[in-house]
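Q: Provide a 3D model corresponding to the input given below.
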Amino acid sequence: MDKMKVRNIPQEVLTKQSSGDLNAAPKQALTDTSKKRQVTPESQIAHGQAYEARIEVLRGYASEDDDIEKVNEDSIDDFWAFMKIAEFSRRAGLVLLDSGDLRAVWRESDGHDIGLRFTGNQKVLYVIFKYDADRQITERAVGADSFDKVMKQIKDLDLLHFVKE
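A: Sure, this is the predicted structure:
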């Protein structure tokens, strides 16, 4: 079974291979849900450029880390294919797992999280959390599925505010 340990990228690797702007990606994923964001061509371009830069940083880190298997190029291809379908309005934090798979995480300060692990062959391992303040419980969906079925899970949990409708 693959190791599922998530690695944090050391600051010296980030500053060596990119601008410090990439440090902001996970922080920007924490948002106020009262502010709905719209997907615009400009935001898609900006997100795409940030993702490209982040993936290059992760590639560089993987080449220096013996614990990380070869970067799974199919995983990266699936990430790009999914992003074209979903058109997320918020930028995800990206991490590279020891298996070489890419994982994207969107978090909100109110307890809503979406975590997607792209494994290749257009399959996604997902974990989705939605906090219901009225009932004071967290609903959770976990599984492995196709792009369309993952989007259905996001819709069923009423988390479409993460994506363009």
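Q: tell me, what residue is most central in this structure?
A: Ala104 (1.5 Å; CA atoms, centre = their mean).
Q: wait, isn't Ala62 in contact with Glu73?
A: No: Ala62 is not in contact with Glu73 according to CB atoms under 8 Å; the separation is 11.6 Å. To be clear about C-beta, it is placed using only N, CA and C from the backbone, and glycine gets the same treatment.
Q: The two: which is more packed in?
A: The residue with more neighbours, out of Ala62 and Glu73, is Ala62; 18 against 12, by other CB atoms under 10 Å.
Q: Excluding chain neighbours, what is closest to that one?
A: Ile68 (4.4 Å; CB to CB, 6 or more residues apart in numbering).
Q: Output the contacting helices and strands for the one helix or strand Ile45 maps to.
A: Ile45 is located in helix 41-64, with elements delineated by DSSP states H and E. On a contact count with 3 or more CB pairs under 8 Å, 6 or more residues apart in numbering; DSSP states H and E, helix 41-64 meets helix 11-17, helix 73-86, strand 93-96.
Q: Name the residues of that helix that come out as buried.
A: By neighbour count on 16 or more other CB atoms under 10 Å, the buried set for helix 41-64 is 43-44, 47, 50-51, 53-55, 57-58, 60-62.
Q: Sounds good, over and out.
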